[in-house]
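Trainee: Please find the sequence and the predicted model below.
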Amino acid sequence: MVRGANARLNQVNRESFMIRIVAALVFALTLAACDAVNTMTDGFKHAKAVESDLEQSTGVRPSVGFNWRNGTLVSVTVQYPRLVESKSLHDLAEAARTAVGQEFKQTPNSIVLAFAVPK
């Protein structure tokens, strides 16, 4: 009789332990998902702000993309729809560097400056 009661008690302890593990995993995954969603939504807000800043300084609105990895801003791509002839390449690069630093609050490993060239 005692042996049967001990076996039943061990099974109840194992089930309780398994439920705790599953609950901890669900909690950890939920936190990770929230952080990823916040990073993306904040990233898109920052990208739009960079687009607006650069449009004001250059007169042409670029498209801005970004790449985050493990909470670090890896790269930002600034692509203009055409060549911007009113500013030098150095001035465009400096404007992009300044706008990205101000809006993203991080300095990426690289900023890619691109231009679409029409046919």
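Mentor: That came through, no problem. Residues are numbered from 1 along each chain as shown.
Trainee: Contact partners for Gln106?
Mentor: Thr72, Leu73 (C-beta atoms under 8 Å, 6 or more residues apart in numbering). Just so you know, the C-beta spots here come from the backbone N, C-alpha and C atoms, and that holds for glycine as well.
Trainee: pLDDT wise, what is it at?
Mentor: Looking at Gln106, its pLDDT is 86.
Trainee: Look up how far Glu94 lies from it.
Mentor: 18 Å (C-beta to C-beta, to the nearest Å).
Trainee: For the longest strand belonging to the chain, list every residue counted as buried.
Mentor: The residue-count maximum for a strand in the chain (DSSP state E) belongs to strand 72-80. Neighbour-count burial for strand 72-80, counted by 16 or more other C-beta atoms under 10 Å, picks out Leu73, Val76, Thr77, Val78, Tyr80.
Trainee: Mind picking the two most distant members of those?
Mentor: Across the buried residues of strand 72-80, the longest distance by C-beta to C-beta is 20.6 Å; it joins Leu73 and Tyr80.
Trainee: among the helices and strands of this protein, which one scores worst on average pLDDT?
Mentor: The helix or strand of the chain with the lowest confidence, counting by mean pLDDT, DSSP states H and E, is helix 2-58 at a mean of 71.
Trainee: Going C-terminal from it, what's the next secondary structure element?
Mentor: strand 63-69 (DSSP states H and E).
Trainee: If you count contacts, what does that next one end up packed against?
Mentor: Contact partners of strand 63-69 among helices and strands, from 3 or more C-beta pairs under 8 Å, 6 or more residues apart in numbering; DSSP states H and E: helix 2-58, strand 72-80.
Trainee: For that strand, could you pull out the residues that count as buried?
Mentor: Quick answer for strand 63-69 (16+ other C-beta under 10 Å): Val64, Phe66, Trp68.
Trainee: does Tyr80 really touch Ala114, like I thought?
Mentor: Yes: between Tyr80 and Ala114 there is a contact under C-beta atoms under 8 Å: 7.1 Å.
Trainee: Number of residues surrounding Leu113?
Mentor: By other C-beta atoms under 10 Å, the residues close to Leu113 number 17.
Trainee: roughly how far apart are the residue nearest to Thr72 when sequence neighbours are not counted and Gly43?
Mentor: Using C-beta to C-beta, 6 or more residues apart in numbering and skipping the chain neighbours, the partner closest in space to Thr72 is Gln106 (7.4 Å). As judged by C-beta to C-beta, Gln106 and Gly43 stand 10 Å apart.
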